[in-house]
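Chemist: model this:
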Amino acid sequence: MTNITKEAVLEGFHYRASTRHYDPTKKIPPEDFNYILELARLSPSSVGSEPWKFVVIQNQELRQKLKPASWGMQSHVDAASHLVVILAKKNARYDSEFLRESMIRRGLTAPEKQAAALEKYKKFQIDDAHIADNERTLFDWASKQTYIALANMMTGAALVGIDSCPVEGFDYDEVNRILVEAGAFDPKEWGVSVMVTFGYRNREIKPRLRKPMDEIVTWIE
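Modeler: Numbers count the residues shown, from 1 in each chain. Presented below is the predicted three-dimensional model:
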């Protein structure tokens, strides 16, 4: 399928580091950033739900409005080439139109197949994982899926020499308010899950110490 080597992939993982100081003179070419967005679009998600949207904020005035409420990107939002706010779907219940549409995308168009999938999703959300307990648990489930896309974007960026920094350090209520006021999304349908900046580092980043493999992996054979 591919001629990418394991060594090349590991090199990208070692290169990737949370970048808090970008070179403001270097911008990511459109074709490279479209590649990063395509990695997000192609990411896997629970039951193929794809409960995400990606808001790319290049407007400097809007970035400045977000900055006071976003302590996690104070040092780098000004110089970052691109800022992406990842939204998670609200109320993605097993019986929602949103999940029905995801069934159709996956080819489940026959009524009997949709009914079978619906029963499976219902059991999963109510009995197995308690996702459908309330709006918060549903939103948290959707947010988990966005982190899969987030990781793929950052790793894929590192593989082609583009830096990134995930951002959770912000006032969620205020950031949601600012973006809704800017017309970025419908707050009844979507909410901010996480943000991420992209660009090119302007200084070396010291590799952080990682836990050894035997501390994090348990084999059961």
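Chemist: wouldn't residue 39 be in contact with residue 159 here?
Modeler: No - at 9.6 Å, residue 39 does not count as touching residue 159 under the criterion of C-beta atoms under 8 Å. C-beta here means a position set from N, CA and C on the backbone, and glycine is covered the same way.
Chemist: Report the separation between the spatially most central residue of the chain and residue 177.
Modeler: The chain has residue 150 as the residue nearest its centroid, 3.1 Å off, counting by C-alpha atoms, centre = their mean. Taking C-beta to C-beta, to the nearest Å as the measure, residue 150 falls 22 Å from residue 177.
Chemist: can you give me how far the biggest helix by length in the chain is from the chain middle?
Modeler: In the chain, assigned by DSSP state H, the helix with the most residues is helix 135-159. Relative to its parent chain, helix 135-159 has a centroid offset of 4 Å by C-alpha atoms, centre = their mean, to the nearest Å.
Chemist: Pull out the buried residues from that helix.
Modeler: Neighbour counts over helix 135-159 (16 or more other C-beta atoms under 10 Å) mark 138-139, 141-143, 145-147, 149-154, 156-159 as buried.
Chemist: pLDDT below threshold where in this protein?
Modeler: The chain contains residues with pLDDT under 70 at 1.
Chemist: right, and the helix or strand after the strand ranked longest in the chain?
Modeler: Assignment by DSSP state E gives strand 190-199 as the longest strand of the chain. Using DSSP states H and E, the helix or strand that follows strand 190-199 in sequence is helix 213-216.
Chemist: Provide the contact partners of that following helix at residue level.
Modeler: Taking contacts as C-beta atoms under 8 Å, 6 or more residues apart in numbering, no residue outside helix 213-216 touches it.
Chemist: before we move on, what about stretch 62-73?
Modeler: 57, 74, 77-78, 80, 83, 165, 167-171, 174-175, 178-179, 182, 195, 197.
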